[in-house]
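Engineer: Below are the sequence and a predicted model; questions follow.
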Amino acid sequence: MKTTYLIKRFAPYFKKYIGTLIFDLFCASLTALGEVIFPLIVRYITNAAITDIKLLTPQILWKISIFYIVLRLVDVFAFYYMANYAHVMGAKIETDMRRDLFDKLQQQTFSYYTNNKIGQLMSRITNDLFDITEFAHHCPEEFFIAAIKIIISFIILAGFNLWLTLIIFAILPIMLIFCKILNKKMRVAFKKTREQTGVINARVEDSLLGIRVVKSFTNEDLEKEKFEEGNKQFLSLKKLSYKYMGLFQCMTRFFDGLMYITGICIGSLFLMIGQITPADFTAYLFYISTLITSIRKLVEYTEQFQRGMTGIERFLEVMDSSVSIKDKENAFNLPPIKGDIQFKNVDFCYDDGNKNVLSKINLDVHKGDNIAIVGSSGGGKTTMCNLIPRFYDVTGGEILIDGINIKNATLKSLRSQIGVVQQDVYLFSGTIAENIAYGKPGASIEEIKEAARLAGADEFIEKLENGYDTYVGERGVKLSGGQKQRISIARVFLKNPPILILDEATSALDNESERIVQESLEKLAKGRTVFTIAHRLTTIKNAKTILVLTENGIEEQGSHEELMAKNGIYAGLYEMYQN
């Protein structure tokens, strides 16, 4: 992305803080004032000393000293504002961008997270945004200060000797050409470094979250090797970025020296022929020093500028990513639903464009029906259920709830009336009470306890030392599989949705835990429209309708008794399971 485009996209984040930014730039100009005026003071004193030493009276020197001290006091207060309030402005912009980035990530679909590593996204929301903060604060200040010094220096120097000034400033365009070439290379190197930082974050996250698997297979050395590979790649990219940064700084130092020696040598020639006075020449050298200092400052902040541009570019890559599932422009809130569901000629295939996972699915489900779905792995059982809350969108046909096409309803109003209990339970870091309350934010402790009782979780919770205030650990590691599943069921009890999806909710549990959880699920299912994805066929014998789903669609449909009598696919699966 072009720098001008990146700045144009980033600029609106200053809008809320435009007052702070303007005053910050005003303070920046005040800090430049002392450095610009100092050479004029030296010129005045030098000129007076050469012309008539009697002009330098103690009163004049006292007034000059007081004047310069006042300038320095103004500089101190201006610098404090820049160091404090302007930094806070940068932090606020970082906060706003992080909020927008998190909001965008919350809108993304399952497919997005399938294709993007969490570690990469974490890098964008932390490291990249920090660099943008520094850019937002420092770069406008430093570039503004440098611009003031360069412009004022040019005007004053041109007043001393126009030809000498033009000769010195003629060096700047040559320097800028080299800067542009190396800047482009630095940008590429910095972006690759950022990407590799995300790769390392993803590797660390993957290894640490799977630490139990790592240790059970004694594969610590393998993980070290994989990490070391990414770490070395990071080092090589860092070397590349420092190479270009070093070349950039060496080149600018060379041109610094060239400007200095040009000013001294050619200025001396003009001094010899009387085209410049000694006082003006002395001030001239001070202004050249000021000019070179400004250029060096720009060089120092060029690295920060490029890091900021890289951060903004990576930020925009996420912000500009399309959200495939979102509310239609005229979507409405779904009213309280009964639970009638219709699949009409539903087709679905994933973004990779391969053959359909589901083809021509037609199904009528009435309020309170218990529908079980069985079939071989990869047959589309979970996918079919994921279409109901629009975790994925159908690629053909339509799904209706109470006669309303789900694409016409807002996602929030749709998903708020559907409960999902999955095989892989995710508990957030926090207490048991907080995890149950996730089903109904703001629920009272009495509601939480009632939901736990209905889920059969109250008994084990109350035996814990801290009860409902027990910390569950990262991803709930302090609880057993059965305990975690009962908490997830309590969460759905608290939500109280009319439609329920049970995605192999007991398949990973031992027999005792399965019995307890199955009892909880039976309580939860009463009075609701339920879709059960079954692994253990004995748990769905009482379902009103069992669907046998294959790559050809719904191959068989009926009750357990009806399907066993057909002696087809379901009967074969059931007999195999029994054996």
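Structural biologist: Yes, it's here. Numbering: from 1, shown residues only.
Engineer: From residue 142, how far off is residue 10?
Structural biologist: With distances taken as C-beta to C-beta, to the nearest Å, residue 10 is found 16 Å from residue 142. Glycine gets a C-beta too; all of them are placed from N, C-alpha and C.
Engineer: Give the other helices and strands that the helix or strand containing residue 176 contacts.
Structural biologist: Using DSSP states H and E, residue 176 sits in helix 171-209. Judged by 3 or more C-beta pairs under 8 Å, 6 or more residues apart in numbering; DSSP states H and E, helix 171-209 is in contact with helix 118-125, helix 127-160, helix 220-272, helix 278-319.
Engineer: Count the neighbours of residue 103 for me.
Structural biologist: Neighbour count of residue 103, defined by other C-beta atoms under 10 Å: 10.
Engineer: likewise residue 302?
Structural biologist: Neighbours of residue 302 (other C-beta under 10 Å): 21.
Engineer: isn't there a strand covering residue 347?
Structural biologist: Yes - per DSSP: H, G, I helix; E, B strand; the rest coil, residue 347 lies within a strand segment.
Engineer: What's opposite it in the beta bridge?
Structural biologist: residue 396 (DSSP bridges).
Engineer: Residue 394 versus that one, what's the distance?
Structural biologist: Residue 347 is 7 Å from residue 394, by C-beta to C-beta.
Engineer: One more: residue 284?
Structural biologist: Applying C-beta to C-beta to residue 284 and residue 394 gives a distance of 76 Å.
Engineer: Equivalent analysis for residue 325, please.
Structural biologist: 11 Å.
Engineer: More neighbours: which of these two?
Structural biologist: residue 394 (20 against 16).
Engineer: if I look at that one, how far off is residue 189?
Structural biologist: Taking C-beta to C-beta, one finds residue 394 at 44 Å from residue 189.
Engineer: repeat for residue 150
Structural biologist: 28 Å.
Engineer: What residues sit buried inside the helix holding residue 176?
Structural biologist: The neighbour-count check on helix 171-209 (16 or more other C-beta atoms under 10 Å) flags 172, 175, 179, 182-183, 185-187, 189-203, 206-207 as buried.
Engineer: got the angle between that helix and helix 220-272?
Structural biologist: With axes from the mean of the first three to the mean of the last three C-alpha atoms, to 10 degrees as the basis, helix 171-209 and helix 220-272 are set at 170 degrees to each other.
Engineer: quick check: mean pLDDT across helix 171-209?
Structural biologist: Average pLDDT, helix 171-209: 78.
Engineer: Could you shift the numbering so residue one becomes 898, and keep it that way?
Structural biologist: With 898 as the first residue, the last one maps to helix 1068-1106.
Engineer: now the angle from that helix to helix 1175-1216?
Structural biologist: 40 degrees.
Engineer: any idea how far residue 1084 lies from residue 1211?
Structural biologist: Taking C-beta to C-beta, one finds residue 1084 at 12 Å from residue 1211.
Engineer: same deal with residue 1060?
Structural biologist: 47 Å.
Engineer: Next: residue 1183.
Structural biologist: From residue 1183 over to residue 1211 (counting by C-beta to C-beta), the distance is 43 Å.
Engineer: of those two, who's got more company?
Structural biologist: Taking other C-beta under 10 Å, residue 1183 and residue 1211 do not tie; residue 1211 has more neighbours (22 against 18).
Engineer: Local confidence estimate at that one?
Structural biologist: 85.
Engineer: need the contact list for it.
Structural biologist: The contact partners of residue 1211, by C-beta atoms under 8 Å, 6 or more residues apart in numbering, come to 1021, 1025, 1088, 1091.
Engineer: which residues of the stretch 998-1147 of the chain score low on pLDDT?
Structural biologist: The stretch 998-1147 of the chain contains residues with pLDDT under 70 at 1106, 1109-1110, 1113-1114.
Engineer: same deal with the stretch 1248-1397 of the chain?
Structural biologist: Filtered on pLDDT under 70, the stretch 1248-1397 of the chain yields the residue ranges 1249-1251, 1371-1374.
Engineer: quick one: the strands in it?
Structural biologist: Per DSSP state E, counting those that start in this stretch, the stretch 1248-1397 of the chain carries strands over the ranges 1255-1262, 1267-1271, 1293-1298, 1301-1302, 1315-1319, 1396-1400.
Engineer: which secondary structure elements does the next helix or strand after the last one contact?
Structural biologist: Under the assignment DSSP H and E, the closest C-terminal helix or strand after strand 1396-1400 is helix 1408-1422. Applying 3+ C-beta pairs under 8 Å, 6+ apart, one finds that helix 1408-1422 makes contact with strand 1315-1319, helix 1342-1351, helix 1378-1392, strand 1396-1400.
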